[in-house]
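Asker: Starting from these lines, generate the structure:
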Amino acid sequence: MEGMSKSALIVFAIISVIGVVGGSLLLIDGACSGLDVCVGVRNCPKAESCSVAFFSVLLGVLGIGVTVYEIK
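Answerer: As a prediction, this is how the structure comes out:
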């Protein structure tokens, strides 16, 4: 399996870091606080923003892991 090109790897790393930072800021800002108002409510925007923040951090960390693996 051939790895990514150097420039693609740099772009991928930058996007991953932005995902981690952005998601972390959303979580710190309280994206997942007060979810009790969402109990029994379908498509609650607060729950959706919490999910987006969580997955942004998760995917960003995975992206950084892939970048580190590709560099080695």
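Asker: so Glu70 is in which element?
Answerer: Assigned by DSSP states H and E, Glu70 falls within helix 45-71.
Asker: by contact count, what packs against that helix?
Answerer: The helices and strands touching helix 45-71, judged by 3 or more CB pairs under 8 Å, 6 or more residues apart in numbering; DSSP states H and E, are helix 6-28. Every residue, glycine included, has its C-beta placed from N, CA and C.
Asker: so where's the chain shaky on pLDDT?
Answerer: Within the chain, the ranges that satisfy pLDDT under 70 run 1-4.
Asker: any idea which residue sits dead centre in it?
Answerer: Nearest to the mean C-alpha position of the chain, counting by CA atoms, centre = their mean, stands Ser56 at 1.5 Å.
Asker: Enumerate every residue touching that residue.
Answerer: By CB atoms under 8 Å, 6 or more residues apart in numbering, the contact set of Ser56 is Gly19, Val20, Gly22, Gly23, Leu26.
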